[in-house]
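[1] model this:
(chains A, B, C and D)
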There are 2 protein chains.
Amino acid sequence: MGIAERKIRQKEEFRASILEAAWHQVLTEGWQSLSIRKIADAIEYSIPVIYNHFENKEAILLEFTKEGFQKLADAMNEVKVLHDKPAKQLEVIAYAYWDFAFEHKEYYQLMFGLGIPACERVNQIVEMKTMTTIMISTIEETIKASPDPDADVFLKYHTYLSILHGLVSIQMIRTEGNPDAQDRRILQDAISGFIKSLLV
Amino acid sequence: MGIAERKIRQKEEFRASILEAAWHQVLTEGWQSLSIRKIADAIEYSIPVIYNHFENKEAILLEFTKEGFQKLADAMNEVKVLHDKPAKQLEVIAYAYWDFAFEHKEYYQLMFGLGIPACERVNQIVEMKTMTTIMISTIEETIKASPDPDADVFLKYHTYLSILHGLVSIQMIRTEGNPDAQDRRILQDAISGFIKSLLV
DNA sequence: TACTTTTGTTAACACTGTTAACTAAAATAT
DNA sequence: ATATTTTAGTTAACAGTGTTAACAAAAGTA
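    This next block holds a predicted model:
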């Protein structure tokens, strides 16, 4: 009896149409504006049917997060196999990572929990300048006393802040609790590497 | 006439009590659970009074974001002045940054728009393993062929991912639009520095 | 055709941010 | 001291959000 098969197929199609409608909403309005009601509206069904296919809204986002990591892995593999030397591979993988993030912003934000609120907020905060000034001036002095005193201060500042923020936020995503000694070694390793690169 | 003065003082106190109640809520339940209603409840006033002191909820969060950056800057300055050599200063500033982030998680999450949803999500995604496997294996091979083949692979992987994520998310916070050539140079600089540190 | 299961709907609950309309209290002017 | 204006605070609502219980309709089975 093919009825059961057809039902499964239809259910699968329905599920896919929910995801499609949801993704369309995410692409056009950002994933902050995604709501169950809007999905229901788009597929022209009532709200509760969505809960027959997904446990809750989080489950839908989880689906996209999975998709995102799969796509990122694919993009990495694609460029990795083009090179033999591992060091070169590390380089092109990094570029692939970067490109993926900005070509698929919605995915990336979902994957790493980037809440956009800060964007508008952070760029109008004068208090931030105090922090950046401390960092930039210290880097400036370090560079002045280094073998390459003409190095780009702003570039190095940006690198420094990015490394720090990356370490912290990856750490926060990884574990709910506090970092341990091993985590701190990662910090030390990254920072000593950065400072060494400044001092050539 | 001191009446106007008293009024200003009272208004200031009221404002402070709103912030205090809000911060208490953030500390106990996380800033995701902060709501105007809960603040109103805590200060035992009706909801709209809050809008006499803050334009909207975002303005309250902005206040904490400012506070956070100020505190971070202070923490940095404190350790910076303890050392003379700029390179050493860069190091201790980095540690201060790290410590601040985890001693004041709520501030840090607010300051850099870390939406916690990803935390629970990301740690139960098998698709993520595909990505990490690619990165780790490539780093492993790089290390094997390096002058220091006993270097800690996991530590270096973590550093690599953190640098990448930091670069991307700082970039996303900084500009709404797409990265330009200068931004890409920052990426190149950081990655080439990392790879160089692998190859000693 | 009668019965059972699946599918989908309506309507509600418990929240959220925000605001308009109104009342009561305080400060000022007469 | 009384009348008037200004300010402070209230209730009640609007427009959203995720989620679910109770019910109706359609589809499949006996």
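[2] Run through chain A and note the low-pLDDT ranges.
    Within chain A, the segments meeting pLDDT under 70 span A:1-3, A:116-121, A:123.
[3] what about the helices in it?
    Taking DSSP state H as the test, the helices found in chain A are A:3-29, A:36-43, A:57-80, A:86-103, A:105-111, A:117-122, A:127-144, A:153-174, A:181-198.
[4] want to try a markdown table for those, with distance to B:D148 as columns?
    Heads up, the C-betas are built off the backbone N, CA and C, glycines and all. Shown next, in a markdown table, are the helices of chain A (distance: least, Cβ to Cβ, whole Å):
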| stretch | distance to B:D148 |
| --- | --- |
| helix A:3-29 | 44 |
| helix A:36-43 | 52 |
| helix A:57-80 | 23 |
| helix A:86-103 | 13 |
| helix A:105-111 | 32 |
| helix A:117-122 | 38 |
| helix A:127-144 | 25 |
| helix A:153-174 | 21 |
| helix A:181-198 | 12 |
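[5] Which residue ranges make up each domain of chain A?
    Here the domain assignment for chain A is A:1-54, A:58-199, based on automatic domain parsing.
[6] from the chain's centre, how far out does the longest one sit?
    Same thing as domain A:58-199. How far domain A:58-199 lies from its chain's middle: 10 Å, per Cα atoms, centre = their mean, to the nearest Å.
[7] Endpoint to endpoint, that domain covers what distance?
    Domain A:58-199 stretches 47 Å from its first residue to its last (Cα to Cα, to the nearest Å).
[8] One more: stretch A:144-152?
    Counting by Cα to Cα, you get 11 Å between the two ends of stretch A:144-152.
[9] Enumerate every residue touching the nearest residue to A:K80 once chain neighbours are set aside.
    Spatial nearest neighbour of A:K80, excluding adjacent residues (Cβ to Cβ, 6 or more residues apart in numbering or on different chains): A:Q89 at 4.9 Å. Each residue near A:Q89 by Cβ atoms under 8 Å, 6 or more residues apart in numbering or on different chains is listed here: A:V79, A:K80, A:H83, B:T138, B:E141, B:T142.
[10] Help me confirm that the first one comes into contact with A:I93.
    Yes. The pair formed by A:V79 and A:I93 meets the contact definition of Cβ atoms under 8 Å, at 6.4 Å.
[11] More neighbours: the two, which one.
    The neighbour comparison of A:V79 against A:I93 (other Cβ atoms under 10 Å in any protein chain shown) goes to A:I93, with 25 against 18.
[12] Apart from its chain neighbours, what residue comes closest to the more buried one?
    Spatially, and ignoring its direct neighbours in sequence, A:I93 is nearest to A:M76 (5.0 Å; Cβ to Cβ, 6+ apart).
[13] before we move on, what about A:R15?
    Using Cβ to Cβ, 6+ apart, the closest residue to A:R15 is A:H53 (4.7 Å).
[14] Up against DNA strand D, what does chain A have?
    A:1, A:3-4, A:6-7, A:34-38, A:47-48, A:51, A:56-58 (Cβ under 7 Å from any atom of the strand).
[15] DNA strand C next: which of the residues you listed are close?
    Restricting these to those adjacent to DNA strand C (criterion: Cβ under 7 Å from any atom of the strand) gives A:K7, A:I47, A:P48.
[16] Near DNA strand C, which residues of chain A are found?
    Neighbours of DNA strand C within chain A, by Cβ under 7 Å from any atom of the strand: A:K7, A:Q10, A:K11, A:F14, A:Y45, A:S46, A:I47, A:P48, A:V49, A:N52.
[17] could those residues be laid out in JSON lines, adding distance to chain B?
    Formatted as JSON lines, the residues of chain A next to DNA strand C follow (distance: Cβ to the nearest Cβ, whole Å):
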{"residue": "A:K7", "distance to chain B": "28"}
{"residue": "A:Q10", "distance to chain B": "26"}
{"residue": "A:K11", "distance to chain B": "23"}
{"residue": "A:F14", "distance to chain B": "23"}
{"residue": "A:Y45", "distance to chain B": "26"}
{"residue": "A:S46", "distance to chain B": "26"}
{"residue": "A:I47", "distance to chain B": "21"}
{"residue": "A:P48", "distance to chain B": "23"}
{"residue": "A:V49", "distance to chain B": "24"}
{"residue": "A:N52", "distance to chain B": "22"}
